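need a 3D model of the sequence below.
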Amino acid sequence: MVFKKRSKYGEFIDKYVGYGGQEKVREVSKLTPNTVTKACNDQEYKPTKSTMKLLIDAARFLTKMNINKDDFWM
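Numbers count the residues shown, from 1 in each chain. Reported below is the predicted structural model:
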């Protein structure tokens, strides 16, 4: 079985949110499906500050963990 490459953010969502995590991030963040897919799959993608905040806030809400942008993007 071949799995697609995931970004650090995507791996985090897979591990701590589980099945359907990407869809849950879309629902919570209100971002477009393309933006969330890019954040979860593209290792070179660096979101804008406003998008990054929405992604981090969604991950915090879904996992109840204290994370920050430096965990995923430099």
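
contacting residues for Thr51?
Going by Cβ atoms under 8 Å, 6 or more residues apart in numbering, Thr51 touches Leu31, Thr35, Ala39. Any C-beta I mention is one placed from the backbone N, CA and C, and that applies to glycine too.

at 10 Å instead, please
Ser29, Leu31, Thr32, Thr35, Val36, Lys38, Ala39, Tyr45 (Cβ atoms under 10 Å, 6 or more residues apart in numbering).

chain center to the helix or strand containing it: distance?
Assigned by DSSP states H and E, Thr51 falls within helix 49-63. Distance, stretch centre to chain centre, for helix 49-63: 8 Å (Cα atoms, centre = their mean, to the nearest Å).

just to revisit the earlier point, top of the contacts of Thr51 by neighbour count?
Ala39 (28 neighbours; other Cβ atoms under 10 Å).

which stretches of this protein have low pLDDT?
Low-confidence regions of the chain, defined by pLDDT under 70, span residues 1-3.

so which residue is dead centre in it?
Tyr9 (4.4 Å; Cα atoms, centre = their mean).
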